[in-house]
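[1] using only what follows, build the 3D model:
(2 chains)
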Amino acid sequence: MINKAFSFCCTCMLLLISLFANAQENQNQNTETGPVNELFRSNGKIYVIVGVLLIIFIGIVIFLIALDRKISKLEQREKN
Amino acid sequence: MGKHWWKALAVIILVYVIIAGFTIEIPIIGTNGQSSRGLFFHVPMWICMYTMFTISVVNSLLYLSKYDLRRDAYASAAASVGVFYGILGFATGTLWATYTWGGSFTRDPKQMLTAVALMIYMAYLVLRLSIPDIDKRARISAVFNIFAFALLIPLTYIIPRMVDSLHPGSATTPGFASSDTDNHMKWVLYPAFLGWTLLSVWIYTLLVRYKKLELKNIFK
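    So this is what the prediction gives:
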C-alpha cells in the first residue's frame, strides 16, 4: 500500500519535472508567446530561477523518498 | 500513506515557499535590495538547527536518567543534523554579509559567537568518534551535550542581543519581531519555518533508522 502511494508520488514529481522541461523547451525555440513563455520571460526572468530551484528541491525530495524506501526495505528484512 | 502525511506537507509547504519567496513584493531597504528574500531561507536554517539541538539535549538528558542506548542514538543523530543545518545557516549568512555588510567574516558578534557555538557541537561529534567503548561514549557525550546546549543559547541568542551589531536582533538593530517585519513577508516566513523544520525532522528520522539498523544487535 505504502509502496504504491510512494510510486504515485514519485510519478507525480517526475511529471512535474517534465512540465518544467517543456517550459524550458518552449523558451529555447523562441517561437510564439504562450502563457508559460510570457511568465518565464517576465519580471527579470525571476521565474526561471524559481524553476531551477524547484527542480533542485524536488530532486532532493525524490532522493530522500528513495532513501526512506530503501531504509524501510532494510527494516522489513531485519524483521523477517 | 497515513504515516507519511507530514513529509508530503513539508514538500508542499516548501514548494510554496520557493515560489512565493522569489515572487512576492518585498520592501526594498538600504543596501539589502532584493537580498531580504534571504530571510525565507537563511533564518529557517537556524530554526532547524535549534530544533535539532533541542531534540539532541532532551535525548541526552533522557539517556542519563535511564541509560537507554536508543536515546544516545537519537541524541547523536539530532546533533549531526543540527550541525549540518548550522553550517548551512552560517554559509548563507556569510554570503549574505559579503554583499550587505561589506565583508564575509566581519567583527560581528553574532557571526563569531555562532561560529564558536558550532565548533562546540563539532567537538561533540569528534568526541564521540574518539571513544570506542559504547557505554562510556554515550555517557561522556551526553554530559558534553548538556554543556554544549547550555552554551548555545547565551552564545547565539543572549550575548548578540546585548552588544552592537549589524545583524538584526542586536542592541541597536531591530530583529525579527511583529513590529519590524513586513506583513507580506510573514506570509512566507512562518510557513518557511514550519516547512524547513519538517524537512529537517524527516532527515533526522532517516538517520535514526539507519543508526538503529547499524546497532541492531545492541538494541535487541
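[2] chain A contacts on chain B?
    B:1, B:3-4, B:7-8, B:11, B:14-15, B:18-19, B:22-23, B:202-203, B:206, B:209-210, B:213, B:216 (Cβ under 8 Å from any Cβ of the partner chain). C-beta coordinates here come from the backbone N, C-alpha and C atoms, glycine included.
[3] for the chain, give me the ranges with low pLDDT.
    As the question left the chain open, I've gone with chain A. Within chain A, the stretches with pLDDT under 70 are A:1-37.
[4] hmm, no, I was thinking of chain B.
    For chain B, applying pLDDT under 70 flags the ranges B:1, B:175-180, B:220.
[5] tell me, what residue is most central in it?
    Nearest to the mean C-alpha position of chain B, by Cα atoms, centre = their mean, lies residue B:49 at 1.2 Å.
[6] which ones are touching that one?
    Neighbour list for residue B:49: B:82-83, B:85-86, B:89 [criterion: Cβ atoms under 8 Å, 6 or more residues apart in numbering or on different chains].
[7] can you count the residues close to residue B:57?
    By other Cβ atoms under 10 Å in any protein chain shown, 22 other residues sit near residue B:57.
[8] surely it meets residue B:149?
    Yes - at 4.0 Å, residue B:57 counts as touching residue B:149 under the criterion of Cβ atoms under 8 Å.
[9] report the buried residues of stretch B:49-62.
    Neighbour counts using 16 or more other Cβ atoms under 10 Å in any protein chain shown place B:49-53, B:55-60, B:62 of stretch B:49-62 among the buried residues.
[10] is it possible to get TSV of those residues that adds secondary structure?
    TSV is the format used below for the buried residues of stretch B:49-62 (DSSP: H, G, I helix; E, B strand; the rest coil):
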residue	secondary structure
B:49	helix
B:50	helix
B:51	helix
B:52	helix
B:53	helix
B:55	helix
B:56	helix
B:57	helix
B:58	helix
B:59	helix
B:60	helix
B:62	helix
